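Undergrad: Give me a model of this one.
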Amino acid sequence: PPPPFCGGGGGGGYQDEDQMTDRAVEYYMMQQQQQQQKYQEDMMERAQEEEMLRRQQAAYLQQQQQQQAYNMQQQAAAMQQAQAEELMEQRRQAMYEQEMEEEYYRQQQAYAQQQAYAQAAAMQEASAEIKAQQYVHTPTRDEREAYQVQFDQGQEEARRKRGTDPDASSNTLDDATTLAEKGTMLMSKGNYASALVTYDRCLSVQLGHLGDMHPIVAHTVDLMGVALLRIGSAREAQEAFQKALYIYQHLPQGDGQNAADTALAVMHVGQAFELEAENLDKSVKGWEKQMEDLTERAYDMYERALDVFQSRVEGDEPDLDVANCYHAMGNTHNIRGEYMEALRKFKMALQQKVRILGEEDPSVAWTKNNIGNAFKGMFKLDEAFKWYHECLETVTKFFGPDHPEVAHVHWNLALAYHTKGEVEALKRRQNWHSRWPFRWFAGITKRRLAHEGDDFEKMDEHLHHAFHVFVKRLGEDHVSTHRATEAVMAMRELVRD
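TA: Residues are numbered from 1 along each chain as shown. Sure thing, here's the model as predicted:
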């Protein structure tokens with residue numbers, strides 16, 4: 001047959017079969033060359049990738065070896081540092097134990113000296129009592145009448161004073177009432193010592209007209225005990241309250257007012273026990289047992305008084321004496337460190353006081369102050385500051401800035417800011433003083449670190465305000481003045497450091 005596309009009309013095909021075959025072969029060879037070239041390029045690229053992977057693996061292995069070597073060096077250095085720190089800690093501990101032994105020896109010497117002074121003072125006091133007993137009748141041996149004898153001795157001394165006062169016998173009961181009102185006014189102004197002198201003059205007049213066993217005399221003796229409490233003389237206040245209570249208990253019964261006055265005297269006896277517990281020297285061995293005994297006796301008195309006051313209350317009506325009993329019971333829980341129970345009692349007192357007196361009364365403010373004390377004991381300082389400032393605003397508005405009651409709120413605020421500084425300093429020491437040498441440095445500067453922070457100036461301001469008022473209004477011998485003086489001296493040491 002004839003070849004395709006040849007003859008038969010048209011010259012569009014190949015001229016011959018050989019020419020077509022050569023071109024097909026040439027095209028095929030070109031395709032093969034291109035495929036071969038692409039294959040070689042792929043192989044080269046794969047070889048490069050494998051080479052790069054091998055290099056990366058080699059670099060990674062080298063890096064791992066270097067990291068292991070570095071870790072071993074770090075561990076060795078850490079062990080050396082730990083050994084050095086342990087050695088320094090042992091040395092510091094040895095120095096600290098030596099300092100503690102020396103401090104203990106100094107305290108023992110101071111305590112022995114204090115005991116010697118106390119024994120000498122006791123001997124002088126006993127001698128003075130022997131001399132004083134020469135002017136009073138001899139007490140009986142009957143145990144039931146023992147306190148009657150002590151009471152009679154006190155009244156005999158009052159009569160002797162009245163006999164030496166030419167104005168006492170000429171004064172009338174109206175004059176005594178005027179003196180009692182003057183004493184109450186002096187108490188409200190914070191002039192407690194002057195109020196005590198005024199009450200004593202009032203008592204001399206009353207004894208001359210009414211005798212020993214009269215409720216008005218008992219009331220004046222009770223007021224003298226309250227003044228002694230404010231002065232800080234717990235034992236003398238206890239004696240005055242016991243005398244008042246003795247008179248009330250030996251008056252004819254059946255008078256509701258007499259029962260209320262007796263319960264009030266009982267509550268005041270508890271407050272004297274409470275103040276004595278607050279004033280205990282915590283450096284003396286066994287003070288915890290004394291505190292527990294005194295607060296138990298105080299609480300027992302408060303419960304006895306509360307039973308009497310509640311018996312006259314109808315329904316849920318508020319009663320100020322009941323509120324004051326709850327307040328006093330809260331104080332006892334506070335002294336014992338039972339802050340949650342103290343807070344519960346204070347809030348019970350606050351609810352009744354607010355219903356009777358309103359928010360702006362100083363008695364309400366003082367309960368708020370003690371709520372702040374409870375929160376401070378629980379280290380809830382923001383809550384404590386809130387209650388303290390509410391109290392401070394009220395009592396300052398009512399009494400003025402230079403009143404002892406106002407100064408006590410400033411004192412509590414200073415203690416709260418001190419506690420806040422202690423807490424913040426502890427956090428700082430835990431964060432960046434946990435390793436040597438900062439730990440050793442924090443040990444020797446512990447006092448200073450405890451008072452650093454933004455609130456240092458506030459603590460200083462409140463402390464100095466309280467100190468100046470205590471010195472001016474209560475005198476240098478008052479226990480509050482002593483505490484504030486010690487705190488101010490400690491502050492000066494910190495500033496000097």
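Undergrad: Nearest residue to residue 417 in space, please, no chain neighbours.
TA: Excluding its sequence neighbours, the residue lying closest to residue 417 (Cβ to Cβ, 6 or more residues apart in numbering) is residue 459, at 3.7 Å. Where you see a C-beta, it was placed from the backbone N, CA and C, and this is true even at glycine.
Undergrad: Remind me which helix or strand the one you found belongs to.
TA: Using DSSP states H and E, residue 459 sits in helix 456-469.
Undergrad: ditto for residue 476
TA: Assigned by DSSP H and E, residue 476 belongs to no helix or strand.
Undergrad: Tell me who's in contact with it.
TA: Each residue near residue 476 by Cβ atoms under 8 Å, 6 or more residues apart in numbering is listed here: residue 485.
Undergrad: How about residue 291, nearest residue that isn't a chain neighbour?
TA: Ranked by Cβ to Cβ, 6+ apart and with sequence neighbours excluded, the top spatial neighbour of residue 291 is residue 277, at 5.0 Å.
Undergrad: if I look at that neighbour, how far off is residue 79?
TA: Computed as Cβ to Cβ, to the nearest Å, the residue 277 to residue 79 distance reads 54 Å.
Undergrad: Please enumerate the strands of this protein.
TA: Remark: strands of the chain are absent; assignment by DSSP state E.
Undergrad: Lowest mean pLDDT among the helices and strands of it, which one is it?
TA: Lowest by mean pLDDT, DSSP states H and E among the helices and strands of the chain is helix 438-444, with a mean of 44.
Undergrad: For residue 248, which residues are in contact?
TA: By Cβ under 8 Å, 6+ apart, residue 248 lies in contact with 215, 218, 258, 261, 262, 265.
Undergrad: Residue 249 versus the closest residue to it other than its chain neighbours, what's the distance?
TA: Nearest non-adjacent residue to residue 248, counting by Cβ to Cβ, 6+ apart: residue 262, 4.2 Å away. For residue 262, the distance to residue 249 equals 6 Å [Cβ to Cβ].
Undergrad: show me what contacts the residue lying closest to residue 226 once chain neighbours are set aside?
TA: Here the nearest residue to residue 226 in space, its sequence neighbours aside, is residue 268; by Cβ to Cβ, 6+ apart that works out to 6.8 Å. Residues near residue 268 by Cβ under 8 Å, 6+ apart: 222, 225, 226, 229, 237, 241, 244.
Undergrad: Now for the residue nearest to residue 417: which residues touch it?
TA: For residue 459, the contact set (Cβ under 8 Å, 6+ apart) comprises 414, 417, 418, 421, 451.
Undergrad: Restricted to helices, list these.
TA: Among the contacts of residue 459, the members found in helices (DSSP state H) are 414, 417, 418, 421.
Undergrad: thinking the first one is in contact with residue 456, fair?
TA: Yep, that's residue 414 we're talking about. No: the criterion here is Cβ atoms under 8 Å, and residue 414 misses it with residue 456 at 11.0 Å.
Undergrad: Those two - which one has more neighbours?
TA: Between residue 414 and residue 456, counting by other Cβ atoms under 10 Å, residue 414 is the more crowded of the two (24 against 17).
Undergrad: Which pLDDT value belongs to the more buried one?
TA: We have a pLDDT of 92 for residue 414.
Undergrad: ok, now residue 141?
TA: Looking at residue 141, its pLDDT is 45.
Undergrad: Over to residue 175?
TA: Among the per-residue scores, residue 175 shows a pLDDT of 88.
Undergrad: And the nearest residue to it once chain neighbours are set aside, how close does it get to residue 80?
TA: Of all residues beyond its chain neighbours, the one nearest residue 175 is residue 205 (5.9 Å), with distances taken as Cβ to Cβ, 6+ apart. Note on residue 205: its distance to residue 80, by Cβ to Cβ, is 86 Å.
Undergrad: Give me the more crowded residue out of the two.
TA: residue 205 (26 against 10).
Undergrad: Could you pull up the residues touching the more buried one?
TA: Taking Cβ under 8 Å, 6+ apart as the test, what residue 205 contacts is 168, 171, 172, 173, 175, 176, 179.
Undergrad: Tell me the buried residues within these.
TA: 168, 171, 175, 176, 179 (16 or more other Cβ atoms under 10 Å).
Undergrad: List just the nearest of the residues you listed to residue 289.
TA: When those are compared for distance to residue 289 (Cβ to Cβ), residue 179 wins out at 42.3 Å.
Undergrad: out of everything not next to it in sequence, what's closest to that closest one?
TA: What sits nearest to residue 179 in space, not counting adjacent residues and going by Cβ to Cβ, 6+ apart, is residue 202, at 3.8 Å.
Undergrad: Same question for residue 383.
TA: Residue 383 sits nearest to residue 375 (Cβ to Cβ, 6+ apart), 4.2 Å away.
Undergrad: Same check on residue 469?
TA: Residue nearest to residue 469 in three dimensions, not counting chain neighbours: residue 407, with 3.6 Å by Cβ to Cβ, 6+ apart.
Undergrad: For that neighbour, give its distance to residue 366.
TA: When distance is defined by Cβ to Cβ, residue 407 is 13 Å away from residue 366.
Undergrad: These two: which is more packed in?
TA: Between residue 407 and residue 366, counting by other Cβ under 10 Å, residue 407 is the more crowded of the two (28 against 19).
Undergrad: May I ask you to confirm that that one is in contact with residue 473?
TA: Yes: counting by Cβ under 8 Å, residue 407 does reach residue 473; the two are 7.4 Å apart.
Undergrad: which neighbours do these two share?
TA: Contacts common to residue 407 and residue 473, judged by Cβ under 8 Å, 6+ apart, are absent.
Undergrad: tally of neighbours for residue 388?
TA: 26.
Undergrad: okay, the residue nearest to it when sequence neighbours are not counted: pLDDT?
TA: Closest residue in space to residue 388, ignoring its immediate chain neighbours: residue 372 at 4.3 Å, by Cβ to Cβ, 6+ apart. Residue 372 is assigned a predicted lDDT (pLDDT) of 95.
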